[in-house]
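Chemist: Next come a sequence and a model predicted from it.
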Amino acid sequence: MKPLKKIASTKTPDGGELILFQHDHDFSIEVNGQGLMNSRQHEAELELARLGCAHLSDRTAPRILVGGLGMGYTLRQTLDLLGPDASVVVSELLPDVVNWNRQFLGELNRQPLEDKRTELITGDIWQILTLSKNKFDAIMLDVDNGPSAITDSGNQRLYSPAGIQACRRALRKGGCLAIWSAEPSKAFEQLLMSCQFHVRRYKLHAYKKSKKKSLFVWVAAEAKTILPTQW
């Protein structure tokens, strides 16, 4: 069995250390010694895309915003669900994470950054949201650890009233906001509803058909009929 190998590292905006490891054909990323993501545990990232795109089957040229590149699983699934005229903007805060995807992780998901429908923006998604109005049919956020941010304290503003309202303004009519989280949060659900969203929470697992560690996705929309019902 091959040993766990550190292959790259970078600093987070908070001064922490983000490390990319490889073990045989698998990859994992840790921040300050805490596991952040693993290529063997990506079912919830795929489900984020499925839930966020569930209302788009009859739209010929939807425009999607994906917040957080990670290992590319949500981006790849989004591209696979959409047609040739779709466009997907993916925002990644850390340039090194983009480089890791190009150099080490791209083969996990058939190089989604090379898809002609993908537009990569490196930087804070906050800037995209605050400068966008009625621009996206779906916004999917997999930034940090969800509302309990651990990589960068600046990410917490995304999950604040101002951040949710920015998302709401950036959505087109009939659009939805899907948010990945490592933990449930009644307070966050209440916040979404206070921003005039209808909300459903979906309990997911890191492994397909696993009954172990639970992860969560909220889907929020102004129209209740947009929310996926059978999941």
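Modeler: Yep, that arrived.
Chemist: How much space separates the residue nearest to H55 when sequence neighbours are not counted from K173?
Modeler: Closest residue in space to H55, ignoring its immediate chain neighbours: I226 at 4.9 Å, by C-beta to C-beta, 6 or more residues apart in numbering. The C-beta positions use only the backbone N, C-alpha and C, and glycine is treated the same way. Using C-beta to C-beta, to the nearest Å, we find I226 at a distance of 10 Å from K173.
Chemist: next one: C167
Modeler: 14 Å.
Chemist: what does L65 give?
Modeler: Look at L65 and K173: by C-beta to C-beta, they are 16 Å apart.
Chemist: G123 is in contact with L93, correct?
Modeler: Yes: under the criterion of C-beta atoms under 8 Å, L93 makes contact with G123 at 6.7 Å.
Chemist: Which one of the two is surrounded by more residues?
Modeler: L93 (22 against 12; other C-beta atoms under 10 Å).
Chemist: how about the closest residue to that one other than its chain neighbours, what does it touch?
Modeler: Among residues not flanking L93 along the chain, D124 sits closest, at 5.8 Å (C-beta to C-beta, 6+ apart). Contacts were defined as C-beta atoms under 8 Å, 6 or more residues apart in numbering; by that measure D124 touches S91, L93, G154.
Chemist: Repeat the analysis, applying 10 Å as the threshold.
Modeler: Residues counted as contacts of D124 (C-beta atoms under 10 Å, 6 or more residues apart in numbering) are P13, G67, S91, E92, L93, T130, V143, D152, G154, N155, R157, L158.
Chemist: Mind listing the strands the strand or helix carrying the third one pairs with, and their directions?
Modeler: With secondary structure defined by DSSP states H and E, S91 is part of strand 87-92. Using DSSP bridges, the strands paired with strand 87-92 are strand 63-67 (parallel), strand 118-122 (parallel).
Chemist: Just send those back as JSON lines, with distance to L51, mean neighbour count and mean pLDDT too.
Modeler: Formatted as JSON lines, these follow (distance: least, C-beta to C-beta, whole Å; neighbours: other C-beta atoms under 10 Å; pLDDT from 0 to 100):
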{"stretch": "strand 63-67", "distance to L51": "13", "mean neighbour count": "26", "mean pLDDT": "98"}
{"stretch": "strand 118-122", "distance to L51": "20", "mean neighbour count": "16", "mean pLDDT": "98"}
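Chemist: These: which one's closest to F136?
Modeler: strand 63-67 (4.7 Å; C-beta to C-beta).
Chemist: What segments of the chain are helices?
Modeler: 43-53, 73-81, 95-100, 125-130, 161-170, 186-194 (DSSP state H).
Chemist: Distance to L36 and mean neighbour count added to those, as JSON lines?
Modeler: Formatted as JSON lines, the helices of the chain follow (distance: least, C-beta to C-beta, whole Å; neighbours: other C-beta atoms under 10 Å):
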{"stretch": "helix 43-53", "distance to L36": "12", "mean neighbour count": "24"}
{"stretch": "helix 73-81", "distance to L36": "13", "mean neighbour count": "24"}
{"stretch": "helix 95-100", "distance to L36": "10", "mean neighbour count": "17"}
{"stretch": "helix 125-130", "distance to L36": "17", "mean neighbour count": "19"}
{"stretch": "helix 161-170", "distance to L36": "20", "mean neighbour count": "18"}
{"stretch": "helix 186-194", "distance to L36": "20", "mean neighbour count": "14"}
